[in-house]
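In: structure here, sequence nowhere to be found:
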C-alpha cells in the first residue's frame, strides 16, 4: 500500500483522468451505472487511478491482476455478491482494503459483511464525498482480520472446486481386429461351391385378341346402324310398311 498517495488532501478538485503511474488504484464494483459514475468522480478528484467492474467474479479476477490499494464494492452485484467476492479477495492475500456500499435497508447485512470480510467499513447509498471523508482514517489504518474466511467453504462451497482437466491419451490408436486370412478364404470357397439358386425372370406373352371377335363386333355395329336408319325413315314417313 502506498501510504504517501493515500494521505493526499481530500479537498474538492476538477474531475480529470489521472495519468500518474504512481497514483494509487481503486477498484470500483457496482452494477448500477449511476453509482459507478458517482464513485468514479469522487476518486478521480482524489487523484486515484480508477478501474470499474460490474460483476463479482470479474472483480475478484481484477483484484488478483491489479492488486489495487482500495476496493469499493456494492453488496448487491451479479454472479458473486459483494460479501463473497470480498472473502475471495481476502483469501488471495495482500493488504486488501475494502469498503462496502449498501442502501439503508441493508444496514444490518452491511454491518455483518463488514465484520466477516474484515472490511474497513461501509457507506450508505447514494454515496457522497463527505461519507468517504468520515471514514478515511480507517483507509489509512490497519486492515482488520476476516473471521468469515474460516467459514468460506460453508458459505461458498464451490470456491475450492478444482477445474476438471481433460487428460491426454498417450496410448496407441488400435485398429479393429480383423478375422484371419484363411477364414476369409474358406468363406469365399464355400460360397463358390454352394451358389445361391436364382430363379430367372420370364416375360409372360400377352394374348392377342381373336380375329373372329373383331369381325363379330363389326357386323353388330353395321346392323345397329341399319336399324337406326330404318326407324328414323319410318318415323318421318319415308318408309311404308
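Out: That came in fine, so what should we check first? Bear in mind the structure is a predicted one, so any value in this text is a computation, not a measurement.

In: count the neighbours of residue 104 for me.
Out: 8 (other Cβ atoms under 10 Å). All C-beta atoms are positioned from the backbone trio N, CA, C, and that covers glycine.

In: please look at it and residue 122 and confirm they touch.
Out: No: applying Cβ atoms under 8 Å as the test, residue 104 and residue 122 come out as separate, 11.0 Å apart.

In: where do the contact lists of these two overlap?
Out: Residues touching both residue 104 and residue 122 (Cβ atoms under 8 Å, 6 or more residues apart in numbering): none.

In: ranges for the helices of the protein?
Out: Counting by DSSP state H, the chain has helices at residues 3-6, 33-45, 56-66, 82-92, 107-117, 129-139, 152-155, 181-193, 211-235.

In: adding mean neighbour count and distance to residue 145, write those helices out as TSV.
Out: Formatted as TSV, the helices of the chain follow (neighbours: other Cβ atoms under 10 Å; distance: least, Cβ to Cβ, whole Å):
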stretch	mean neighbour count	distance to residue 145
helix 3-6	13	20
helix 33-45	17	26
helix 56-66	18	18
helix 82-92	23	9
helix 107-117	18	10
helix 129-139	14	14
helix 152-155	13	14
helix 181-193	9	78
helix 211-235	10	119
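
In: so which of these gets nearest residue 27?
Out: Residue 27 lies closest, by Cβ to Cβ, to one member of these: helix 56-66, at 5.9 Å.

In: contacts for that closest one?
Out: Contacts of helix 56-66 (Cβ under 8 Å, 6+ apart): 25, 27, 29, 51, 53, 68, 71, 73, 77-82, 84-85, 88-89, 92, 96.

In: any of those buried? List them.
Out: Taking 16 or more other Cβ atoms under 10 Å as the criterion, what is buried in these is 25, 27, 29, 51, 53, 68, 71, 73, 77, 80-82, 84-85, 88-89, 96.

In: per-residue pLDDT, residue 117?
Out: What the model reports for residue 117 is a pLDDT of 96.

In: check the gap between the residue lying closest to it once chain neighbours are set aside and residue 34 for me.
Out: The shortest distance from residue 117 to any non-neighbouring residue, by Cβ to Cβ, 6 or more residues apart in numbering, is to residue 86 (3.8 Å). When distance is defined by Cβ to Cβ, to the nearest Å, residue 86 is 22 Å away from residue 34.

In: follow-up on the earlier one: from the contacts of helix 56-66, which land in strands?
Out: 25, 27, 29, 51, 53, 71, 73 (DSSP state E).

In: in this structure the third one contacts residue 40, no?
Out: No: using Cβ under 8 Å as the test, residue 29 is too far from residue 40 to be in contact (11.9 Å).

In: now stretch 22-35: mean pLDDT?
Out: 95.

In: end to end, how far does that stretch reach?
Out: End-to-end distance for stretch 22-35, by Cα to Cα, to the nearest Å: 26 Å.

In: outside of that stretch itself, list whatever touches it.
Out: Counting by Cβ under 8 Å, 6+ apart, 1-2, 5-6, 36, 39-40, 43, 47-56, 59, 62-63, 66, 68-74, 76-78, 82, 85, 101, 125-127 sit against stretch 22-35.

In: ditto for stretch 93-109
Out: Contacts of stretch 93-109 (Cβ under 8 Å, 6+ apart): 1, 30, 35, 39, 63, 67, 69-76, 82, 86, 89-90, 110, 113-114, 117-125, 127, 132, 135, 139, 143.

In: buried residues in it?
Out: For stretch 93-109, by 16+ other Cβ under 10 Å, it's 96, 97, 98, 99, 100, 101, 102, 106, 109.
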